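1. test case, fold it:
(one chain, ligands or ions: 2)
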Amino acid sequence: MRVHASFLIGDSEYSAFTIRTLAAFKGVRTNLEKPLVLWLTDLHLDRSSDTRKIGFYEEIRASTASVIVITGDISVARHLPLHLAELAAAASPRKVFFTLGNHDFFGSSIAKVEGVVAGVCRSQVNLQHLGHGEIIRLNSDTALVGHRGWGDGRMGWGARTFARNPDFAAIADFRGLSRGESFALLRKLGQESATYLRSVLPYALSCFEHVVVATHVPTFTQAAFYRRKPCDNLRQPFYSNLSAGGVILRIAQRFPKSKVTVLAGHTHCAAQFQALPNLALRVGGARPGFPGAQGLFEVSAAGLAQKSGSPVSRCSNRGGTQPPA
Ligand SMILES: [Fe+2]
Ligand SMILES: [Fe+2]
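-> Ligands and ions are numbered 1, 2, ... in the order given. Sure thing, here's the model as predicted:
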C-alpha cells in the first residue's frame with residue numbers, strides 16, 4: 001500500500017483529522033474483492049406513495065449489491081429519520097453509505113438535521129453518514145469517500161441570477177438573510193466540501209488506485225443539465241459546486257496513475273463528463289415520487305462498470321416543470 005508521507009505532516013488540526021481518518025479507514029471495511037455498488041440518488045421518498053416505496057425497498061432487498069451508496073435528497077427533514085431507518089432495514093445487513101442533499105434539510109436547519117442523522121446512524125449499525133473523515137475500503141483497489149456538497153452560487157451568472165433557489169425559503173439557515181448573504185452562505189457550504197475533500201482525497205488516493213467520491217451536487221457544470229439541455233447561466237449557480245470541482249481536479253492531476261469517479265445527483269438529469277483521463281463525473285437521473293436505482297456497478301482499479309440498471313440517458317425533466325432539485 002502506497003502512503004503519501006507529506007499528507008501526514010501538518011498543523012495540529014490537520015493531524016487530528018488524519019488520525020480520525022486512519023481510525024475510520026481501519027474500522028470500516030466491506031472486505032469483498034469484487035463489490036457491487038447499488039447507487040441511489042434523489043429518492044425524494046417524502047413524495048412517493050407507500051406502494052411505490054414498498055416496491056422500491058423490495059428492489060433493494062432483492063439486489064445482489066454488496067453495498068448501497070446514496071448521493072442525497074433522500075427525503076425532507078421531518079421524514080428523514082424514518083426513511084433512513086427504512087432504507088437501512090431494506091439493505092440489511094449490507095452497509096448503506098450516504099450523503100445528504102439540500103432537500104434533506106428542508107423544514108429544519110443544517111445543524112439540527114446533522115444532529116438527528118447522527119442519532120439515527122448510532123441506532124442503525126449498517127447506516128453510515130459520509131463526511132466525517134472516513135475512507136471506506138470497498139476492495140483492495142477502491143475506496144469510497146463523500147461529503148454532501150452544495151450548489152455554491154459561483155458558476156454562470158452567480159449572484160446576479162434571477163432564478164429562484166428553494167433552499168432560501170425552505171432551510172432555516174437562509175431565512176432572514178439578504179440575497180447577498182444567502183449567496184455568501186452558498187459559497188461557504190460549497191467551500192466546506194472543497195476543504196473536506198482537500199483533506200481526505202489525497203490520502204485516499206495515496207492508499208488506493210481508484211477512489212469514488214459521493215456528493216450531492218455535480219462538481220463540473222458540463223454534466224449539469226436542466227430539462228435535458230446543458231444548464232444555462234441562470235441556473236448554473238445552483239446546479240454545480242465549483243469549489244469542490246476545482247479541488248478534485250487539482251488533486252486528480254497530482255495522481256495521474258490513479259482514478260477518481262465522482263457520483264452526484266441534484267439535477268435529476270443523468271449525465272456523464274470526463275474531466276481528465278483519470279477523472280469522471282456521473283450524475284444520476286431521478287423522478288420525484290418514483291424512487292429507483294441508478295444501477296448496479298462493479299468497482300475496480302479501472303473505474304466503475306455498470307452491470308445493470310437505468311440507462312445513463314434517463315432524465316426526469318423531459319418536458320416537465322420540475323424545479324431545481
Ligand atoms: Fe438537490
Ligand atoms: Fe433532488
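2. and the pLDDT at residue 314?
-> Residue 314 carries a pLDDT score of 48 in this model.
3. same question for residue 1.
-> pLDDT, read off for residue 1, is 31.
4. report how many residues lie close to residue 184.
-> Residue 184: 14 surrounding residues under other C-beta atoms under 10 Å. The C-beta positions use only the backbone N, C-alpha and C, and glycine is treated the same way.
5. mind checking if stretch 240-253 is in reach of ligand 1?
-> No. Applying C-beta under 5 Å from the ion, one finds stretch 240-253 separated from ligand 1 by no less than 11.2 Å.
6. that stretch: which residues count as buried?
-> Neighbour-count burial for stretch 240-253 flags 240-248, 251-252 (criterion: 16 or more other C-beta atoms under 10 Å).
7. in strands only, show me those residues.
-> Among the buried residues of stretch 240-253, no member falls in strands (DSSP state E).
8. where does the nearest residue to residue 264 once chain neighbours are set aside sit: helix, strand or coil?
-> Nearest residue to residue 264, sequence neighbours excluded (C-beta to C-beta, 6 or more residues apart in numbering): residue 218, at 4.7 Å. Under DSSP: H, G, I helix; E, B strand; the rest coil, the three-state class of residue 218 is coil.
9. give the contact list for residue 218.
-> 224, 239-241, 264, 266-267, 271, 281, 283 (C-beta atoms under 8 Å, 6 or more residues apart in numbering).
10. farthest pair in the buried residues of stretch 240-253?
-> Across those, no pair lies farther apart than 240 and 251, at 17.8 Å, counting by C-beta to C-beta.
11. now residue 168: closest residue in space that isn't a chain neighbour?
-> residue 174 (4.6 Å).
12. stretch 110-120 - what's its average pLDDT?
-> On average, stretch 110-120 scores 98.
13. who's in contact with it?
-> Against stretch 110-120 from outside (C-beta under 8 Å, 6+ apart): 77, 80-81, 84-85, 100, 104-105, 127, 129, 171-173.
14. which one of the residues you listed has the most neighbours?
-> residue 104 (29 neighbours).
15. assign that one to helix, strand or coil.
-> Going by three-state DSSP: residue 104 is helix.
16. isn't it right up against residue 78?
-> No. In this structure residue 104 lies outside contact range of residue 78 using C-beta atoms under 8 Å: 10.5 Å.
17. wait, which of the contacts of stretch 110-120 is closest to ligand 2?
-> Comparing those against ligand 2 with C-beta to the ion places residue 104 closest, at 9.5 Å.
18. pull stretch 218-233 out as CSV, backbone CA atoms only.
-> Extracted in CSV, the C-alpha atoms of stretch 218-233 (Å, rounded to 0.1, in the frame of the first residue of the first chain):
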residue,chain,number,x,y,z
PRO,A,218,-22.4,18.0,-9.7
THR,A,219,-18.8,19.2,-9.4
PHE,A,220,-18.5,20.2,-13.1
THR,A,221,-21.1,22.2,-14.8
GLN,A,222,-20.6,20.2,-18.1
ALA,A,223,-22.6,17.4,-16.5
ALA,A,224,-25.3,19.7,-15.1
PHE,A,225,-28.4,19.5,-17.2
TYR,A,226,-31.9,21.1,-16.9
ARG,A,227,-34.8,19.7,-18.9
ARG,A,228,-32.4,17.6,-21.0
LYS,A,229,-30.3,20.6,-22.0
PRO,A,230,-27.0,21.9,-20.6
CYS,A,231,-27.7,24.1,-17.7
ASP,A,232,-27.9,27.8,-18.7
ASN,A,233,-26.2,30.7,-16.9
